[in-house]
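K.L.:
Need coordinates for the below:
(chains A and B)
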Amino acid sequence: MDNSLLAGEVGPLGAANGKFGFSLLKRSANSEARAGLLQTPHGLIETPVFMPVGTQATVKTLSRDELIEIDAPIILSNTYHLYLRPGSELIAEMGGLHRFMNWPRPILTDSGGFQVFSLGPLRKIDEDGVTFRSHLDGSSHRFTPERVMQIEAELGADIIMAFDECAPYPSDFTYTKAALERTHRWAARCYTAHRESGLWEKNTLFGIVQGGFYRELREESVRFLTQGELDFPGYSLGGMSVGEPKDIFYETLAYTAPLLPVDKPRYLMGVGSPEDLLEGVRYGIDMFDCVLPTRIARNGACMVPQGRVNLRNASLSRDDRPIQEGCGCYTCRTHSRAYLRHLFRTEEILGLRLASIHNVYFLTQLMRDIRQAVLTDSFEQFRLDFLENFRTIPHEVRQHNREKRAASLKAKKN
RNA sequence: UCCGCAAUAGCUCAAUGGUAGAGCAACCGGCUGUUAACCGGUAGGUUCUAGGUUCGAGUCCUAGUUGCGGAG
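P.N.:
Next up is the predicted model:
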């Protein structure tokens, strides 16, 4: 590491003990962008970082070795799904999540707050916690902040998330405020439960800022979660990118992220399109996770600097080029667009895997490039250059498809 | 050669004599803390041919063509 890059006023901070810590290496001069190092029991993570999602202890379709080759620094997994299957006790018996899936690098587990609240009519919330029914077999379960801390401890991830409520969009001020305050009380209970569990050495707990798209509530949330007694080693922004228009998302991000303690890692949950990652970094975010690269890969779309390549398009049938010219991923080094299109048309499993490899590599590499740009004080230029030839999907199109999907799912239930 | 059955979108098939549809395939779009190898959209037709009956025929009648089955 080049120590000359250490910014005088920040330095290594936030270390709860010898195994966890966060150091800022660089702060951008003309934006909130930062570059840092996050220390965990399973190694160092260079930030800003993109974390691929492995909900059920697997980043869908990718083997451990493929993730290592892609050089994913850390992956995500999910408390709700692993609790239901195979069960957190079983994973603990098998030596914890790292050993169970044989993943040597850091893992972050989401608390299941997002999942429980997307169960809709299958769940009932009260002050103490949430009673819900399994989407798998309808069996009844209960999550409280203390129970979730226990489950996450059994899973044994490096970074664990507080149990929160992710309010849907749109939600009115009154509801959002009530949900936020409950989330705060739960955050305090998570904090206490985690501290009393004596597992500080094994996993570190992040607090989650909520408050929907109301500035007043976001400010209140940051204030509450950063007060004296609640000194979380990291903070995330939750409840974002849940279907709101882009300008509202960017606006909320812009005024919330800079409020967070400068010396703690900041994690923007569920965000992962290239343009959103750039916007996140611009406002001082250090960590991101998203299912987007793996999900769209399985559905035949690949991320490229120009936007997307849809592998099902007939125009690729005789295209001998790789998905992305000059890309260093296994897929681009090995196979043509024509071959990938063939695999998707014939519904061969290899297509899903090759596209996933490319997309996860693309975002991992993008974050590496972004980090380098921040370190060399050229992030703003990098951002503008990138956006200049990147074609995004218009909001109206996204909204239209979201509504269609919601209607379709509703019709299927009836 | 005779008898029977069939012929509708690229494929497999719907359509009481009253506006020719579906599934799949094709083509296009979407997916943001994964209940997602998913969801949506578009295009596609001289209803085998030629006559006839009828206000009106994919549908009924006649002949032919092609295919399948049976008899010889």
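
K.L.:
pLDDT value on the residue in the stretch 51-200 of chain A that RNA strand B sits nearest to, please?
P.N.:
Nearest to RNA strand B in the stretch 51-200 of chain A, going by Cβ to the nearest atom of the strand, is A:Cys166, at a distance of 2.4 Å. (C-beta placed from N, C-alpha, C; glycine too.) At A:Cys166, the model reports a pLDDT of 92.

K.L.:
Surely it and A:Ser236 touch.
P.N.:
No: the criterion here is Cβ atoms under 8 Å, and A:Cys166 misses it with A:Ser236 at 11.1 Å.

K.L.:
give the contact list for the residue of the stretch 51-200 of chain A closest to RNA strand B.
P.N.:
For A:Cys166, the contact set (Cβ atoms under 8 Å, 6 or more residues apart in numbering) comprises A:113-114, A:117-118, A:210, A:238-239, A:242.

K.L.:
what do you get for A:Met94?
P.N.:
A:Phe100.

K.L.:
for the contacts of A:Cys166, which one is nearest A:Arg105?
P.N.:
Taking Cβ to Cβ as the measure, A:Arg105 lies nearest A:Phe114 of the contacts of A:Cys166, at 23.0 Å.

K.L.:
I'd like the distance from the lengthiest helix in chain A to the chain centre, please.
P.N.:
If you go by DSSP state H, chain A has its longest helix at helix A:349-375. Its chain's C-alpha centre and that of helix A:349-375 lie 14 Å apart, by Cα atoms, centre = their mean, to the nearest Å.

K.L.:
Buried residues of that helix, list them for me.
P.N.:
A:351-368, A:370-371, A:373-375 (16 or more other Cβ atoms under 10 Å).

K.L.:
Quick check: closest non-adjacent residue to the residue nearest the centre of chain A.
P.N.:
The residue lying closest to the centre of chain A (Cα atoms, centre = their mean) is A:Asp289, at 1.8 Å. Computed as Cβ to Cβ, 6 or more residues apart in numbering, the closest residue to A:Asp289 that is not its neighbour in sequence is A:Met51, at 4.2 Å.

K.L.:
Report the contact partners of the residue lying farthest from the centre of chain A.
P.N.:
Most distant residue from the mean C-alpha position of chain A: A:Arg318, 36.2 Å away (Cα atoms, centre = their mean). By Cβ under 8 Å, 6+ apart, the residues touching A:Arg318 are A:Ala338.

K.L.:
where does it land in three-state SS?
P.N.:
In the three-state summary, A:Arg318 is assigned as coil, counting by DSSP: H, G, I helix; E, B strand; the rest coil.

K.L.:
Could you measure from it over to A:Phe163?
P.N.:
52 Å (Cβ to Cβ, to the nearest Å).

K.L.:
if we can go back for a sec, A:Leu108 is in contact with the residue nearest to the centre of chain A, correct?
P.N.:
Yes: between A:Asp289 and A:Leu108 there is a contact at 7.3 Å, judged by Cβ under 8 Å.

K.L.:
Need the residues touching each of the two.
P.N.:
A:51, A:76.

K.L.:
The residue of the stretch 251-400 of chain A found nearest RNA strand B - nearest residue in space that isn't next to it in sequence?
P.N.:
Nearest residue of the stretch 251-400 of chain A to RNA strand B, counting by Cβ to the nearest atom of the strand: A:Gly270, 2.5 Å away. In space, and not counting its chain neighbours, A:Gly270 is closest to A:Ser241: 5.2 Å by Cβ to Cβ, 6+ apart.

K.L.:
I figured that neighbour hits A:Tyr250, correct?
P.N.:
No: under the criterion of Cβ under 8 Å, A:Ser241 makes no contact with A:Tyr250, lying 10.5 Å away.

K.L.:
Look at the nearest residue to A:Gly113 once chain neighbours are set aside and tell me its secondary structure.
P.N.:
Distances taken as Cβ to Cβ, 6+ apart place A:Asp164 nearest to A:Gly113, at 4.2 Å, with adjacent residues excluded. Here A:Asp164 is recorded as coil under three-state DSSP.

K.L.:
swap in A:Cys327?
P.N.:
A:Cys327 - assigned by three-state DSSP - is coil.

K.L.:
still on that earlier bit, now do the same contact list for the residue nearest to A:Gly270.
P.N.:
A:Ser241 touches A:249, A:270-271, A:276, counting by Cβ under 8 Å, 6+ apart.

K.L.:
And those, which two are furthest apart?
P.N.:
A:Phe249 and A:Gly270 (10.9 Å).
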